[in-house]
Every structure is written in C-alpha cells, then in structure tokens.
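Undergrad: structure for the following, please:
(one chain, ligands or ions: 5)
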Amino acid sequence: WNLLTICFLLLGVVAAPLAAAETQRVHAGFCYFRYLLYDVNPPEGFNLRRDVYIRMASLVKTLRTAGDDWVLVLPPWGRLYHWQSPNIYQLRIPWGEFFSLTSLQANVPVMEYEEFIAENGGPFIDQVLVLQNYAEGWTDGKWEEKVDERPCIEKLMYSKDKQGYYRGWFWSYEETRARNLTCISAQGHASIMAPVLQKNITVTSVMLDRAETLLHDHYAGKDYWDTRRSMVFAKHLRLIGDDFRAKHLNSTDSSDHTFYSEDWTRMQAKLGSAKGGPYLGVHLRRKDFIWGHREDVPTLKGAVKKMRSLMKKHKLDRVFVATDADGEELKELKRYLPEMVQFEASTEDLELFKDGGVAIIDQWICAHARFFIGTSVSTFSFRIHEEREILGFDPKTTYNRFCGDSEKECEQPTHWKIVY
Ligand SMILES: Nc1nc2c(ncn2[C@@H]2O[C@H](COP(=O)(O)OP(=O)(O)O)[C@@H](O)[C@H]2O)c(=O)[nH]1
Ligand SMILES: *[C@@H]1O[C@H](CO)[C@@H](O)[C@H](O)[C@H]1NC(C)=O
Ligand SMILES: *[C@@H]1O[C@H](CO)[C@@H](O)[C@H](O)[C@H]1NC(C)=O
Ligand SMILES: *[C@@H]1O[C@H](CO)[C@@H](O)[C@H](O)[C@H]1NC(C)=O
Ligand SMILES: [Mg+2]
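TA: Ligands and ions are numbered 1, 2, ... in the order given. This next block holds a predicted model:
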C-alpha cells in the first residue's frame, strides 16, 4: 500500500457524502501531496527533453520510496527551437497531445501543469531551484557526486516583481510566479536531489530548472526502460502513422509482426520477432547538424548512395525518409531519390498535430521499417532505436547510422537491451 492508495480510500469513504467544495478540503487534510516541476535549457530539442523526463521520473520514484507522496508535473511543450511552422499556435501544449497519459501514469504519478494550477489553488510555485555546475569545475580533476547551495553563476532567467515574486518563462504562463528561488550546484545522478528535497526543503511545490544538469540514475537499467516504455505515443498519432504505412508502404502490424499493446506493462516482444514493413526507414538529420560541417554527417549524395545500397541488399523497393532538411535541400534530395516516400502534413494536419506530432508520426513510421538507418548522435534517431527495441526488431536492423563521406572510423550506435 502506498500513500496514494490509502489517500484515495480515505477520500472515497469520507468524501462521498460531502459537497465538492468540502471534498477539496478533505483532500488537503488527509493527503499531503508534494509536486515536482521541472524545465530544461531552452535550446534543447524535443528528444533530449524526452530523455530528461526519464531522469525526473526516476527522481520521483526515489522520493516516493521514502514516504512523501510526490507527483511529477509535466512541463507544457512550446517555444522549441525546431518547431518553426508558421501560423500555428505552439505554446502550452499539454503532454496528452503527444503521449498517452494513462501509460505514463502506470509508471509514476504525473499531472499536466494546468491540473497542478487547479489543484494547487493558483499559479504559484513555492520554490525554484536553478541547477548549475560548480563554478570551480571538478576539484583536482576528480569526479565526485555532490550538491550544494551556491551563488548563481549565470545571469538568471528570472526577475523579481514588485510583490517580491519571481517571474520567468514558466512555459508562457505569465501569471505563474515563484515564491522563492535559489541556485544549486549539482554534480551527479538525478536522485542526489532526493535528500535536498526531503530534508532541506519542506515546501509543497518545487521546480528544478535546468534539469538536464542531472544525469541518469542508471542509464538503460530496468527503471530507465520502465519509464521509456511508459512513454507511449498518443493514440491519434499512432493511428495516423499506421494509416500511412498501410496506404503508402504496404505495411500492417499483422503482415509485419509488429504487435503493440497500449498497456506497455504487458509488452515484451522477443528480439527478432518483428519483421517490419517492406521499406527502408531513414532518419536524415540536417539543419544544425550540417551547419557545423560535422564530419560524421553525410552529404545528400553520400546519403542517397547508402540508401540505394541498403535497398538493394535488403531487397526493398521503397524508402521512407524522415528529415528536417530545408526546402532547397529537400528539392535536391528528391532529385537524387525521386521515389522517396515522405509523410507530408497538410496545413490542417499540422494545426492538429503540430510540429511535435508530425515528428512523432515520422518516428513511428521509421520504427516499423524492415531496416532502419539514422543520423550520428541524433536523439531523434536514438528514440527510434528504442521504439524498435520495444517492438522486438533484430538489433542488426536498428542500430545503423550514416557515415560522413570521408569519415574514417564510422562507429555504429550501441545496442541497448531492454531490462524487463
Ligand atoms: N518531422 C520531423 N522533424 C524532425 C526530423 N528531424 C529533426 N526534426 C525536428 O528537429 C528536432 C531535432 O531536435 P531533437 O529532437 O533535439 O533531436 P536531435 O537534435 O537530432 O538530437 C526534432 O525535435 C524535430 O522537431 C524529422 O526527420 N522529421
Ligand atoms: C542541506 O542541509 C544540510 C544540513 O543542514 C546542509 O549541510 C547542506 O548543505 C544542505 N544542502 C543544501 C543543498 O542546501
Ligand atoms: C528561500 O529558500 C532558501 C533555500 O531553501 C531558504 O534558505 C530561504 O530561507 C528561503 N527564503 C524565504 C524568504 O523563504
Ligand atoms: C503487400 O504485401 C503483401 C505481403 O504482406 C504482398 O503479398 C503483396 O503483394 C504486397 N502488395 C504490393 C502492392 O506490393
Ligand atoms: Mg537537439
């Protein structure tokens, strides 16, 4: 029995005869919830943010084992650097638009930010902790885990208002304010914050800003994979992807042996059991990945040459390409590879799914390909690897990346096995 269960039981018994307003009071009286909020460095993209979620879920699990009833508040999506489609509103997007909340809930208690505002009695956060490294770096060049309250190193992205509250970005909820703010130097895995949140800080709601500062508790361990598996894409996006597979790629779950259960706790596909649709899946990352002239990223010509050789080798006559290439590059790519299949969202689709939803549909389609090749150190490609691992693909068909045209040692991605 955890606290939440007891809490709900009490609520059920006591609250039944009471009016709604009183239920609220009973709720507050019997159940002491604490809320963990977090945010990530603004320039970080969608798929690194998904990774930071895993770290925060792990921290909440640690906090909950010690007694208090912590809930993870999901930071609304918006103002992401890559989400540049014009004329669509892409702020304050709840997680439910991209992920299945019931699936997330089966891993750790979560709530949307607007639910938090309602439950908390207003847009107030008791304490913001801005995470940072140590000004002095690693002392003696030695790595050790530590956390200390320290003066803020960088210029704060918050300012104090006339009432003494802290104002900041807060996912564009400009009415949100924080009662207190301190900087914390932290070096280590996410759960090093647990003692601080339990002992040093007693207020109800705490936000960790720059949460990416904290590392994974145990990368690719059971807890990592539980959380990762719980990040089931929202059903409407999966359905669009499935329709597209059927219509354009002759790909269905029954012919491809890619069985999926929304209840992730019941999924345990054997490696090699998934066959995948009769197409090559490609994630070709461009934009900021080519601006720096990175030597591990191919030219378009080089990439197409590799695609053709893979299609031949695996006897696939179709190729699905997910890419963030800009207009010019896309034209060039289509010249080299006229038969390529792309998910092209109409204006209405884009309004409905937003750039994030379209990215998820692209990932979902790549995840169902017979053979996949991605881009070096792209978290967008990494999340596709994981999705394919969940579906039960042979690792040989998944952990592949393009090499730069003149890259010497082209190390291929690591196979991370699911721990069930
Ligand atoms: N739809 C779509 N968007 C992409 C694709 N590649 C990159 N993007 C966009 O660019 C962003 C890349 O940032 P991020 O998620 O951080 O991945 P990374 O930078 O490749 O590690 C994604 O979140 C998408 O918004 C793609 O193949 N399809
Ligand atoms: C937490 O409290 C302990 C004991 O009072 C103190 O030594 C430590 O520096 C505090 N840590 C933080 C991050 O405030
Ligand atoms: C703000 O938080 C710090 C760190 O927890 C604490 O020492 C300080 O007393 C708080 N200030 C106020 C006004 O509550
Ligand atoms: C689609 O795939 C099935 C096998 O799953 C195959 O029998 C059929 O010929 C394919 N159709 C086309 C148009 O490629
Ligand atoms: Mg990125």
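Undergrad: ok, the residue nearest to the spatial centre of the chain to residue 56 distance?
TA: The centroid of the chain falls nearest to residue 50 when counting by C-alpha atoms, centre = their mean (1.4 Å). Residue 50 is 11 Å from residue 56, where distance means C-beta to C-beta, to the nearest Å. C-beta: built from backbone N, CA, C; applies to glycine.
Undergrad: try residue 36
TA: 7 Å.
Undergrad: now do residue 385
TA: Counting by C-beta to C-beta, the gap from residue 385 to residue 56 is 21 Å.
Undergrad: repeat for residue 287
TA: 27 Å.
Undergrad: quick one: which of these two has more around it?
TA: Neighbour count, other C-beta atoms under 10 Å: between residue 287 and residue 56, residue 56 has more, with 25 against 14.
Undergrad: for the residue of the stretch 201-350 of the chain found nearest ligand 3, give me its contacts.
TA: Closest to ligand 3 within the stretch 201-350 of the chain is residue 201: 5.4 Å, counting by C-beta to the nearest ligand atom. Contacts for residue 201 (C-beta atoms under 8 Å, 6 or more residues apart in numbering) come out as 127, 129.
Undergrad: hey, which strand is longest across the protein?
TA: strand 177-187 (DSSP state E).
Undergrad: pop the domain breakdown of this structure in here.
TA: 34-218, 233-397 (the TED database).
Undergrad: so which of those domains comes closest to ligand 1?
TA: domain 34-218 (2.0 Å).
Undergrad: gap between the two ends of the closest one?
TA: 24 Å (C-alpha to C-alpha, to the nearest Å).
Undergrad: any idea of the mean pLDDT for that domain?
TA: Throughout domain 34-218, pLDDT has a mean value of 95.
Undergrad: make TSV from the domains of the chain and add distance to ligand 1 to it.
TA: Listed next are the domains of the chain as TSV, based on distance: least, C-beta to the nearest ligand atom, whole Å:
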stretch	distance to ligand 1
domain 34-218	2
domain 233-397	3
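Undergrad: show me the strands in the stretch 251-400 of the chain, by range?
TA: 277-284, 319-323, 369-373 (DSSP state E, counting those that start in this stretch).
Undergrad: and residue 399, how many neighbours?
TA: Residue 399: 20 neighbours (other C-beta under 10 Å).
Undergrad: ok, it to ligand 3 distance?
TA: 44 Å (C-beta to the nearest ligand atom, to the nearest Å).
Undergrad: so residue 156, which of the three states?
TA: Judged by DSSP: H, G, I helix; E, B strand; the rest coil, the three-state class of residue 156 is coil.
Undergrad: for it, what are its contacts?
TA: Contacts of residue 156 (C-beta under 8 Å, 6+ apart): 130, 181.
Undergrad: same check on residue 224?
TA: 54, 58, 216, 217, 218, 419.
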